[in-house]
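> can you look at this prediction? I've put the sequence above it.
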Amino acid sequence: MSAPRVVSVAAASPAERAGLVVGDELVAVDGRVPRDVIEYRVLVDEADPELSVRRGHEELTVVVAKEAGEALGAEVSSALFDRVRTCDNHCAFCFIYQLPKGMRRSLYLKDDDYRLSFLYGNFTTLTRFTELDLERVVSEGLSPLFVSIHSTDPGLRAQMLRNERGATSLRWLRALLDAGIEVHGQIVVCPGVNDGEALEATLAGILDEYPGLATVACVPLGLSRFSTEETMRPHTREEAAAVIDLVEQWQELAVQWLGRRLVYAADEYYLMAGRPFPPASAYDGFPQHENGIGMARAFEAAYGGDEEAAQGVRPGFFAWVDGAPASGYRAVRAAEDGASTAPDTKTPVAIVTGEYGALVLAPVLAAMLAQGTHSGAPVRLLPVHNDFFGGTTAVTGLLTGTDVAAALEAEPDGHRYLLPDVCLSEGRFLDGMSVTELPRPVEVVASDGLSLRRALHGTLRSAGAKPEAVAVSLGSR
């Protein structure tokens, strides 16, 4: 177990008044050694906590004068102070197996840790869950949790996880629900494996055995060009449409039996099938927004000024490993380096985005142009093709600096380039490139519609512009 290190101390906070400084290692709180940031938060929430601190080669005792419930004012360097509970499944669709060599070591860590599920919304299969874990989750109210289901058929689930414990580990899901823990489920749908009749059986099993689930997301597998699994392939347009049809059928049944939709299809399915997204009201408050459920409608609503729709936007894939806990622990995502503070209303603007993101953004910007209520510099989209990962990878959160740099290299100098923060962790892309290494300066903008609207305020040109101008720019690179 390693002691957490203080990475920031808020001005005028109890921690600063007590003399705590950046770099201090917190060995214990009131004589207890915290296992993780959850336990740390509970301990320092008490009145006048006594901290055992290591500062260089010196051991210190720091008593912090504060009221119970008052924030300590110190952030620590990691979410888990003991070892991360790694995943011992070997799923053919696991994206971590599809990473090339030579990336940051932290990206190759597969976790199956319920604590990271609680802290960051990571999905756990529960194959390494124990009675002690259940006791802690229930006694400390670690809710919500996020569970990968994939199939309710024991044999098929064990086959998909390539782990015999996959056949029985959903018993913990039953126990969590019985204890009143809020749980959100996920089904990664793999063509020819757990789609079609198998998916229908899973949805029936969920409604029968786990109706207490808060939500269930059906998401497509992601494939990079580095995948070596012969049985894994992308969905066809027809298969994507079939998933949507099945989900919508079971939504109707769930409404009849439970009074709520329960199951949702990822935005990617609607893009793959060429179908319009459901209305925002069909997502019931976007509880699985960060899992790609209703992102398009939430973005659209937030861009239109709905501040509630902008809440809950979380960091992208892999963000917890390098950006936690400061940019993840149930907190508003901090602005990345290079974030814009005041928009320039005269310079042409290009919005850097993935190919799926471009499909979402195009009609939103076209509608704003059609309204004719803004004036200023022209705005266009700069879709970036993901050559680095290839395959079906088209989401903005998996863009790398290599591909963004290649796209910007061909772009004119002197324009404003807006980059969504979802593809960054601590100012770096997945391939380790920093935003400062890009060939054009970029302004990093939070990945929600309201933040983009603020960045663009006064820059949308209406005079003589037509909505089609945005759509045409999708073909450029």
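All right, it came through fine.
> can we go C-alpha only for contacts and neighbour counts from here?
Fine.
> now do the phi/psi pair for the spatially most distant residue from the centre of the chain.
Residue distances from the centre of the chain (Cα atoms, centre = their mean) peak at E58, which lies 39.4 Å from the mean C-alpha position. Torsion angles at E58 (phi, psi; degrees, to the nearest 10) stand at phi -110, psi 140.
> and it, bridged to which residues?
With DSSP bridges as the criterion, E58 is bridged to R55.
> relative to I181, how far out is it?
43 Å (Cα to Cα, to the nearest Å).
> domains in this structure, as residue ranges please.
The chain breaks down into these domains under automatic domain parsing: 6-76, 96-293, 349-473.
> and D306, which of those is closest to it?
domain 349-473 (7.4 Å; Cα to Cα).
> quick one: mean pLDDT over that closest one.
For domain 349-473, mean pLDDT rounds to 80.
> what's near enough to touch Y114?
The contact partners of Y114, by Cα atoms under 8 Å, 6 or more residues apart in numbering, come to 124, 126, 129, 145.
> to clarify, my last question referred to F123.
By Cα under 8 Å, 6+ apart, the residues touching F123 are 112, 117, 145-148, 186.
> how about T353?
Contacts of T353 by Cα under 8 Å, 6+ apart are 381-384, 396, 419-420.
> how about 7 Å then?
382-384, 396 (Cα atoms under 7 Å, 6 or more residues apart in numbering).
> can you confirm it is in a helix?
No. Secondary structure of T353 (DSSP: H, G, I helix; E, B strand; the rest coil): strand, not part of a helix.
> distance of it from R136?
Distance, T353 to R136, by Cα to Cα: 41 Å.
> out of the contacts of T353, which comes closest to A92?
For the contacts of T353, the nearest to A92 is T396 (23.0 Å; Cα to Cα).
> measure that closest one to A179 for me?
Counting by Cα to Cα, the gap from T396 to A179 is 37 Å.
> which of those two has more neighbours?
T396 (25 against 15; other Cα atoms under 10 Å).
> correct me, but that one touches L419?
No. Judged on Cα atoms under 7 Å, T396 makes no contact with L419 at a distance of 9.7 Å.
> could you find the closest non-adjacent residue to A167?
Distances taken as Cα to Cα, 6 or more residues apart in numbering place P154 nearest to A167, at 4.0 Å, with adjacent residues excluded.
> now do N122
That would be L116: by Cα to Cα, 6+ apart, it lies 5.9 Å from N122.
> the one you found and V22, how far apart?
To V22, L116 is 24 Å away according to Cα to Cα.
> more neighbours: which of these two?
Taking neighbours as other Cα under 10 Å, L116 and V22 compare with L116 leading, 21 against 15.
> which secondary structure element is home to that one?
helix 114-120 (DSSP states H and E).
> then Q249?
Going by DSSP H and E, Q249 is in helix 237-258.
> now that helix: how far from the chain's centre is it?
Its chain's C-alpha centre and that of helix 237-258 lie 24 Å apart, by Cα atoms, centre = their mean, to the nearest Å.
> for that helix, which positions count as buried?
239-244, 246-248, 250-254 (16 or more other Cα atoms under 10 Å).
> which of these sits closest to V44?
Proximity of those to V44 was ranked by Cα to Cα; the top entry is A254 with 42.8 Å.
> let me see the ranges of the strands in the stretch 251-400 of the chain.
263-265, 349-354, 379-384 (DSSP state E, counting those that start in this stretch).
> scratch that, the stretch 51-200 of the chain
Assigned by DSSP E, counting those that start in this stretch, the strands in the stretch 51-200 of the chain fall at 58-63, 74-76, 145-148, 183-189.
> just the C-alphas of the last one, formatted as PDB.
Yep, that's strand 183-189 we're talking about. The C-alpha coordinates for strand 183-189 follow below in PDB (Å, rounded to 0.1, in the frame of the first residue of the first chain):
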ATOM      1  CA  VAL A 183     -27.100  -0.300 -10.200                       C
ATOM      2  CA  HIS A 184     -26.800   0.600 -13.900                       C
ATOM      3  CA  GLY A 185     -26.200  -2.300 -16.300                       C
ATOM      4  CA  GLN A 186     -24.500  -2.600 -19.700                       C
ATOM      5  CA  ILE A 187     -24.700  -5.100 -22.500                       C
ATOM      6  CA  VAL A 188     -21.900  -4.900 -25.100                       C
ATOM      7  CA  VAL A 189     -23.600  -6.400 -28.100                       C
END
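> counting contacts, what elements does it pack onto?
Contacts defined by 3 or more Cα pairs under 7 Å, 6 or more residues apart in numbering; DSSP states H and E place strand 183-189 against strand 145-148, strand 215-220.
> and if you look at the shortest one?
With contacts defined as 3+ Cα pairs under 7 Å, 6+ apart, the secondary structure elements packing on strand 74-76 are strand 6-9.
> S13: neighbouring residues, count only.
17.
> so how far is S227 from it?
With Cα to Cα as the criterion, S13 and S227 are 49 Å apart.
> also V76?
36 Å.
> could you give me the buried positions within stretch 261-280?
261-273, 277, 280.
> could you list the low-pLDDT ranges of the protein?
Counting by pLDDT under 70, the ranges of the chain that qualify are 1, 307-345, 368-376, 458-477.
> tell me which of the domains of the chain lies nearest to V84.
V84 lies closest to domain 96-293 among these, at 6.7 Å (Cα to Cα).
> straight-line length of that closest one, end to end?
End-to-end span of domain 96-293 (Cα to Cα): 21 Å.
> kindly report the same for stretch 145-153.
21 Å.
> who touches that stretch?
117-118, 121-125, 157, 182-188, 194, 202, 205.
> are any of these buried, and if so which?
117-118, 121-125, 157, 182-188, 194, 202.
> one step back: let's have the strands of the stretch 51-200 of the chain in CSV, adding distance to V44.
Converted to CSV, the strands of the stretch 51-200 of the chain look like this (distance: least, Cα to Cα, whole Å):
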stretch, distance to V44
strand 58-63, 11
strand 74-76, 10
strand 145-148, 23
strand 183-189, 27
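> how close does the nearest residue to G354 once chain neighbours are set aside get to F277?
In this structure, G354 finds its nearest non-sequential neighbour in T396, 4.1 Å apart by Cα to Cα, 6+ apart. As judged by Cα to Cα, T396 and F277 stand 18 Å apart.
> for L262, give me its contacts.
Per Cα under 7 Å, 6+ apart, neighbours of L262: 214-216, 251, 254.
> ditto for L253
Counting by Cα under 7 Å, 6+ apart, L253 makes contact with nothing.
> quick check: beta-bridge partners of the residue lying closest to S447 once chain neighbours are set aside?
Among residues not flanking S447 along the chain, P420 sits closest, at 5.2 Å (Cα to Cα, 6+ apart). Bridge pairing for P420 (DSSP bridges) gives the partners V445.
> count of residues packed around P420?
A total of 23 residues lie near P420 under the criterion other Cα under 10 Å.
> my understanding was that it contacts D448; is that so?
No. Contact criterion Cα under 7 Å: P420 and D448 do not qualify, at 8.5 Å.
> against L452, how distant is M433?
23 Å.
> of those two, which one has the most company?
Shown here are M433 and L452; by other Cα under 10 Å, L452 has more neighbours (20 against 16).
> contacting residues for that one?
Here L452 is in contact with 303, 445 (Cα under 7 Å, 6+ apart).
> same check, this time on V352
With the criterion set at Cα under 7 Å, 6+ apart, V352 makes contact with 381-384, 417-419.
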